[in-house]
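Asker: what follows is a predicted protein model with its sequence.
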Amino acid sequence: MLSTPWSRRLGLQVPIVNAPMGGVAGGRLAAAVSAAGGLGMVGMGSVANRELLRTQLQHVDGRFGIGLVDWVMRTEAGLLDDALAARPVLLSISFGTDWSWVAHAHNAGITTVTQVYDALGARQAVDAGIDILVARGSEGGGHGDTKLGTLPLLDDVLDAVSVPVLAGGGIASARSLAAVLAAGASGAWVGTRLAACPEALTGDGSRQALIAARSTDTAVTRAFDVAKGLPWPARFPSRVLSNEFVARWTGKEDTLDAPACDELAAAIDADDRRIAPVDAGQGVGMIRDDASVAEVIEQMCSGAERLLARWT
């Protein structure tokens, strides 16, 4: 069975953690990832609230993690307290620079993890007491810094710190999983590949768009966040599937008008993916069906295990 020293210490059968994707990584996906031997994360995303967290936590038991967005956590009173009270194995909070939450997690006996985008950020996180880092490369879907691709970033972060480092961004196949493990990652932070699984909260239109997409069909944009009035920091644009809205408004976000925002809202309600957003990393081309979480993880891990055995 594919494993690393870190995954064995955590009691995992395989070194895979699902990225806590907002609107995608609900309790059912987290439970399926944990049942398949990895660690399932419940993700809250940009529109998190306490009721949403309670609803999704009804679907998990045993070992699971919770992922929050820093700026959302700070505007939703009680959200952090509820997350800590749920006793997750891991608490992931990213996209902020105030580390005061780390002590609260440690006082509750909970291991902490955050995404980083360069060596300096990695050292700052470790100095703040973070236990595990995710080196999230620019290939990744959803929000993140776009400084470095996954492998150059992983190199930098592994040289900079001694804590376990998970690799995220573009990991959607046995080959990419084997590559980051061979490079020294303690595990993989897998997002887009699992978003097409039936256990995810992904809508049918988005799932079919992910299956149909090629690796070159993504773009980085702030258009959706600006149109929806979400206060994402400008350094964290979102990688999504390219569509008409992306082509029309990327780079012109300051000219978005009310009709465009209304058009986007209507498209989201209608599940019209020509206009509405679908978060996707560059590994999206590896998605060819809506296989279950168990099937995806088994294929990735058994394939990576064969590759690594052959190389050694």
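Answerer: Cool, the structure landed.

Asker: quick one, phi psi at R248?
Answerer: R248 has phi and psi values of phi -80, psi -30 when expressed as degrees, to the nearest 10.

Asker: and it, how many neighbours?
Answerer: 13 (other Cβ atoms under 10 Å). Yep, even glycine has a C-beta here, placed from its N, CA and C like the rest.

Asker: the helix or strand hosting A135 packs against which elements?
Answerer: Following DSSP states H and E, one finds A135 within strand 132-136. With contacts taken as 3 or more Cβ pairs under 8 Å, 6 or more residues apart in numbering; DSSP states H and E, strand 132-136 sits against strand 90-94, strand 111-116, helix 119-127, helix 150-160, strand 165-168.

Asker: and the first one, what does it pack against?
Answerer: Looking back up the chat, that one is strand 90-94. Short answer (3+ Cβ pairs under 8 Å, 6+ apart): strand 90-94 packs on strand 65-69, helix 70-73, helix 100-107, strand 111-116, strand 132-136.

Asker: of these, which is nearest P15?
Answerer: Evaluated with Cβ to Cβ, the helices and strands packed on strand 90-94 place strand 132-136 nearest to P15, the distance being 11.9 Å.

Asker: hmm, who's touching the longest helix seen in the chain?
Answerer: Looking across the chain with DSSP state H, the single longest helix is helix 293-311. By Cβ atoms under 8 Å, 6 or more residues apart in numbering, the list of residues contacting helix 293-311 from outside reads 1-2, 14, 16, 29, 32-33, 35-38, 173-175, 177-178, 181-182, 190, 193-194, 197, 199, 291.

Asker: buried subset of these?
Answerer: 2, 14, 16, 29, 32-33, 36-38, 173-174, 177-178, 181, 190, 193-194, 197, 199, 291 (16 or more other Cβ atoms under 10 Å).

Asker: domains in this structure, as residue ranges please.
Answerer: Domain segmentation of the chain under the TED database yields 5-202+289-309, 204-279.

Asker: can you say which of those is packed in most?
Answerer: domain 5-202+289-309 (a mean of 21; mean count of other Cβ atoms under 10 Å).

Asker: could you export stretch 65-76 as PDB, CA atoms only?
Answerer: Output of stretch 65-76 as PDB, limited to C-alpha atoms (Å, rounded to 0.1, in the frame of the first residue of the first chain):
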ATOM      1  CA  GLY A  65     -10.600  17.700   8.700                       C
ATOM      2  CA  ILE A  66     -12.100  21.100   8.300                       C
ATOM      3  CA  GLY A  67     -11.000  23.900   6.000                       C
ATOM      4  CA  LEU A  68     -11.900  27.600   6.500                       C
ATOM      5  CA  VAL A  69     -11.000  30.700   4.600                       C
ATOM      6  CA  ASP A  70      -9.300  33.200   6.900                       C
ATOM      7  CA  TRP A  71     -11.300  36.300   5.900                       C
ATOM      8  CA  VAL A  72     -14.600  34.400   6.100                       C
ATOM      9  CA  MET A  73     -13.800  33.000   9.500                       C
ATOM     10  CA  ARG A  74     -13.200  36.500  10.800                       C
ATOM     11  CA  THR A  75     -16.600  37.800   9.600                       C
ATOM     12  CA  GLU A  76     -18.600  34.800  10.700                       C
END
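
Asker: chain center to that stretch: distance?
Answerer: Computed by Cα atoms, centre = their mean, to the nearest Å, the chain-centroid distance of stretch 65-76 equals 14 Å.

Asker: if we can go back for a sec, dump the helices and strands packed on strand 90-94 into TSV; add mean pLDDT and distance to A160 as well.
Answerer: As requested, these are exported to TSV (pLDDT from 0 to 100; distance: least, Cβ to Cβ, whole Å):
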stretch	mean pLDDT	distance to A160
strand 65-69	98	23
helix 70-73	96	21
helix 100-107	97	18
strand 111-116	98	9
strand 132-136	98	9
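
Asker: can you tell me which of those is nearest to T55?
Answerer: When the helices and strands packed on strand 90-94 are compared (using Cβ to Cβ), the closest one is strand 65-69, at 13.1 Å.

Asker: relative to H143, which of the helices and strands packed on strand 90-94 is closest?
Answerer: Of all those, it is strand 65-69 that lies closest to H143, at 8.1 Å by Cβ to Cβ.

Asker: and the closest one, what does it pack onto?
Answerer: Using 3+ Cβ pairs under 8 Å, 6+ apart: strand 65-69 touches strand 41-43, helix 79-85, strand 90-94.

Asker: so which of these gets nearest W6?
Answerer: Per Cβ to Cβ, nearest to W6 of the helices and strands packed on strand 65-69: strand 90-94, 11.8 Å.

Asker: quick one: the closest one to chain centroid distance?
Answerer: With Cα atoms, centre = their mean as the basis, strand 90-94 stands 11 Å off its chain's centre.

Asker: that one pairs with which strands, parallel or anti?
Answerer: Strand 90-94 pairs in its sheet with strand 65-69 (parallel), strand 111-116 (parallel), by DSSP bridges.
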